[in-house]
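# okay, predicted coordinates and the sequence, questions at the end:
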Amino acid sequence: METYSAYNVAVVLFAAFGSLFAGYGHAVIVSTVVEGLGRLNGLRLAAVIGVIGSAIQTGAVNQGMYLAARVITGVSVGQVFTAMPTYFSEVSPPHSRGLMAGAHGSFVNAGYALAAWVGFACFHASGSSFGWRFPNAVLLLFALCVLAGTFFIPESPRWLCARGRDQEALQILCKLHHDKNDPEDHFAHRELGLIKKQLDADQAAVLADGKWQLFSKETYRKRMILALMLIIGGQNVGVLVINNYNTLLYQSLGLSTSEALIVGAAYNTWAMIGNFVGAMVSDRLGRRKALLGGYIANVAMFTIATALIAKYAENSSKSYAAAALTFLFLYVTAYGGAIDPNQYTVCAEIFPSHLRSMGTGLAVSGLFLADTLWLQLASTAMATIGWKYYLVFLCLGVVHTIFLYFRLPETSGLALEEIDALFGKAAAGHIQDEELEKIAATHYDTKVHGSEGDAREVQA
């Protein structure tokens, strides 16, 4: 027993050290890959790594092989978590960026829901290797889907502009933002002008302030702190601990293993539905209202659920158990509908193009550090103090709510290049429409609409 405990302590210590080391390193590596290869090639690389890792997991013949494969798939997951919000934010028009970027959190929850139902199904085949090999094979299938999907979506126009490929960027912007009420694609041309103007300002800032401006400039430090508080806050309210230990939690409320698995799958499915609904109303409601409302409701529902779990621990009344489950579902409604679809959106959109991958990567690394901390503590904490462990998340939820109330600006409806103004930096994109038209016309590709006359008409 002492040897086992010592082994666990060593694992926790090395995991913590590894996470701290990888936190910054992961962000640097991922951002370098995404910036150097492009948004799409970065996703393709992540998908290929995921295919390799999940294939080895599925065919593992011993624990060492399986754990090594888990490391490989972990690299893939980390890269996707960084690349997806960055890509979504850069290809979305301002009026629907919440919907499109919020899709990241929505599909993450769709994955949780699918995993929960697959886990329930494979529970009945736990007597054979199929019970654990099949769930890993599902990972392989979806990694292949991600890889295939990258060949049907466009590259980020902002990344193309940063590489001097303006004509390709314009063609993509025209396709992405074409509207029957704007047959000449004036919106796309204006956006190209904004992007070019902002890139020029960003390049000048890099020359003046160096590559470490994310930490040396106050405007970027504010954004980095906000991004970390958003992403880490999403874990500090206890959602992952509940999700990963939901079977044990539901069993502690009197459910059988099979019943607990069904309720856990339903819980994740409900969270997925909430995510999709939240993403659809994000642009209409606004990021600030959604996140603050989500945190307040989340903390309130979790407070009541924790009190009911404490009452159940005293007398094992089924009425307390049923009420606790109800408020846990209300808790995840607030999280899935308001917090999850907006946290990744804000995290990606508050950084300028040249720092977006790095800033998002560091914030996502904070997510994995928080997950490592709470999950490593969970088994010991729940065995020793039980429901009181949830009080930690209640307190942290209050702290994050107060911070966001004073520090979170409203970013919905703004072009990415206009968000600088919210953090005390003059936005390079704040120029008159006439100037934007002139800038855009100089980059206008006559091949998009087919004649030089069209280009002259736009410039006029």
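The structure has been received and is ready for your questions. Treat the numbers as computed from the prediction; the structure is a model and nothing was measured. Residues are numbered from 1 along each chain as shown.
# is it true that A334 touches L291?
No. Look at A334 against L291 with CB atoms under 8 Å: they stay out of range, at 10.6 Å. For glycine as for every other residue, the C-beta is placed from the backbone atoms N, C-alpha and C.
# who has more neighbours, the two?
L291 (27 against 23; other CB atoms under 10 Å).
# leaving out chain neighbours, which residue sits closest to the more buried one?
N342 (5.2 Å; CB to CB, 6 or more residues apart in numbering).
# does L228 really touch L362, like I thought?
Yes. With contact defined as CB under 8 Å, L228 reaches L362; the gap is 7.4 Å.
# neighbour count for the two, which is higher?
With neighbours defined as other CB under 10 Å, L228 and L362 compare such that L362 has more, 26 against 20.
# for that one, what are phi and psi?
As for L362, its main-chain torsions (degrees, to the nearest 10) stand at phi -70, psi -40.
# with G424 instead?
Dihedral angles (degrees, to the nearest 10) for G424: phi 80, psi 20.
# just the pLDDT for it.
The model reports G424 with a pLDDT of 81.
# what's the closest non-adjacent residue to it?
Spatial nearest neighbour of G424, chain neighbours left out: T219 (5.3 Å); criterion: CB to CB, 6+ apart.
# which strand or helix spans the one you found?
helix 218-236 (DSSP states H and E).
# next secondary structure after that helix?
By DSSP H and E, the next helix or strand past helix 218-236 is helix 239-244.
# quick one: list the elements packing against that following helix.
helix 318-334, helix 353-384 (3 or more CB pairs under 8 Å, 6 or more residues apart in numbering; DSSP states H and E).
# what average pLDDT does it get?
Here the average pLDDT along helix 239-244 is 83.
# stretch 151-160 too?
88.
# give me the distance from it to the chain's centre.
Taking CA atoms, centre = their mean, to the nearest Å, the mean C-alpha location of stretch 151-160 is offset from the chain mean by 19 Å.
# for stretch 118-127, same thing?
For stretch 118-127, the distance to the chain centre is 29 Å (CA atoms, centre = their mean).
# quick one: contacts of it?
130-132, 134-135, 138, 257-258, 261-262, 264-265 (CB atoms under 8 Å, 6 or more residues apart in numbering).
# likewise for stretch 315-324?
With CB under 8 Å, 6+ apart, stretch 315-324 has contacts from 253-255, 305, 308-309, 311-312.
# which of those are buried?
Buried subset of the contacts of stretch 315-324 (neighbour count, 16 or more other CB atoms under 10 Å): 253, 255, 305, 308-309, 311-312.
# now, the most widely separated pair of those?
L255 and K311 (16.8 Å; CB to CB).
# you'd agree L414 is in a strand?
No. Under DSSP: H, G, I helix; E, B strand; the rest coil, L414 sits outside any strand and is assigned coil.
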